[in-house]
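Peer 1: What follows is a protein structure lacking sequence information:
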């Protein structure tokens, strides 16, 4: 009987295959649907001397505390970062800082764009420094102007502002220098105007705000520009907001925001970690923000990451909050994948042998039932010789079946008891024949 043979070899034929199948299912689900996050990432920042490159280094330090290596890739700016996120430039990055306005331009939103916003992380003013008093972009005609490096969000914003005045880069003397060299050229008189988007704490901004012969431009009709370019806001930079003497007067500046964005296929655990790190780095107050204003997901240009939204709203999962990052990842998979499969395998490992044992006990019980019918017939006074012959054949049939029955050791007592009962009924049948 197949059930008896399987029951006898239940450890090899039932429990071991179930254990191997459970391990295979765990491994398949783990790798295919719930893999561990990668341990190495890259973040695109900005120029090496910029504030967001420094932010990238702080991100790298905090990620390292969680066992994740975050490489900091400097770049010319937001356009370059977006190209790297989309895999169209090297080195490829997983996270990047992107200036406001990069998602509004037609053509920048590619069909099926796979970029998501982790959070808006700060406000950045548009700084226009000039050697002569200016109050309009039209006055830039013919001047030597630094619009920022090619591939940067600063240059894109500057060109968008020029377009509002029906101007282009051809109407100015477009300088190729930017950053600290441009600030030095402006102070030396070899550059007339420097346009840059940077945080107020930038060393270049501090240097130019206090430089003699260099003025911070406040544009007329700034409110109209914010109506045409919705990613800009008009904000007041009060006197002494940066330090005790800078700026020297109240200035109304155009301000855009910077967002931390990621590839949409970035592992969910790393998206949650990036949102938590952004909270640690960017929640402090500043000249254009109060404590807790950032990070946020208001007025974003790329779709919000669902994982980042949950993290900023409710925090990370309990395990990630209370356990080291990698320990939490393994524990989550153990709870979600390994524990349910192990419980199912354990239940089957007990249920299948129990069902097989029930089948075997049912077979023995049927033989007992047949013996009971024979005993009932023997009690009849009207039993004929033909009836006794049939009963003897039935007993022989039971004995043959018992002889071929591979009895498991734990059912052997019942088998021997049945054997005694068969002998007892045979003896009664012999006595009945002699009457």
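Peer 2: Arrived safely, thanks for sending. None of the values given here were measured: they were computed from a predicted structure.
Peer 1: what packs against the longest strand along the chain?
Peer 2: If you go by DSSP state E, the chain has its longest strand at strand 115-130. In terms of contacts (3 or more Cβ pairs under 8 Å, 6 or more residues apart in numbering; DSSP states H and E), strand 115-130 is packed against strand 95-99, strand 193-197, helix 203-209, strand 215-216, strand 233-237, strand 251-263, helix 268-282, helix 306-314. For glycine as for every other residue, the C-beta is placed from the backbone atoms N, C-alpha and C.
Peer 1: Repeat the analysis, applying 6 Å as the threshold.
Peer 2: Packed against strand 115-130 by the contact rule (3 or more Cβ pairs under 6 Å, 6 or more residues apart in numbering; DSSP states H and E) you find strand 193-197, strand 251-263, helix 268-282.
Peer 1: tell me the most buried of these?
Peer 2: strand 193-197 (a mean of 27; mean count of other Cβ atoms under 10 Å).
Peer 1: got the contact list for residue 292?
Peer 2: With contacts defined as Cβ atoms under 6 Å, 6 or more residues apart in numbering, residue 292 is in contact with residue 283.
Peer 1: On the three-state scheme, it is what?
Peer 2: coil (DSSP: H, G, I helix; E, B strand; the rest coil).
Peer 1: now it: how far from residue 309?
Peer 2: Counting by Cβ to Cβ, to the nearest Å, the gap from residue 292 to residue 309 is 16 Å.
Peer 1: Same question for residue 115.
Peer 2: Computed as Cβ to Cβ, the residue 115 to residue 309 distance reads 15 Å.
Peer 1: so where is the stretch 1-150 of the chain shaky, pLDDT-wise?
Peer 2: Applying pLDDT under 70 to the stretch 1-150 of the chain flags the ranges 1, 104-113.
Peer 1: where do the helices sit along it?
Peer 2: Taking DSSP state H, counting those that start in this stretch, the helices of the stretch 1-150 of the chain run over residues 2-8, 10, 16-33, 51-65, 78-85.
Peer 1: okay, those, which one's buried deepest?
Peer 2: Stretch with highest mean neighbour count among those: helix 78-85 (a mean of 24; mean count of other Cβ under 10 Å).
Peer 1: by contact count, what packs against that helix?
Peer 2: strand 95-99.
Peer 1: what's the angle from the strand it packs on to helix 51-65?
Peer 2: 160 degrees (axes from the mean of the first three to the mean of the last three Cα atoms, to 10 degrees).
Peer 1: how many degrees apart are strand 95-99 and strand 193-197 in direction?
Peer 2: Using the same axes, to 10 degrees: strand 95-99 against strand 193-197 is 130 degrees.
Peer 1: Run the angle between strand 95-99 and strand 115-130 for me.
Peer 2: Angle, strand 95-99 to strand 115-130, by the same axes, to 10 degrees: 40 degrees.
Peer 1: list the buried ones in strand 95-99?
Peer 2: The neighbour-count check on strand 95-99 (16 or more other Cβ atoms under 10 Å) flags 95, 96, 97, 98, 99 as buried.
Peer 1: Could you report the separation of the second one from residue 81?
Peer 2: Right, residue 96. Taken as Cβ to Cβ, the span from residue 96 to residue 81 is 4 Å.
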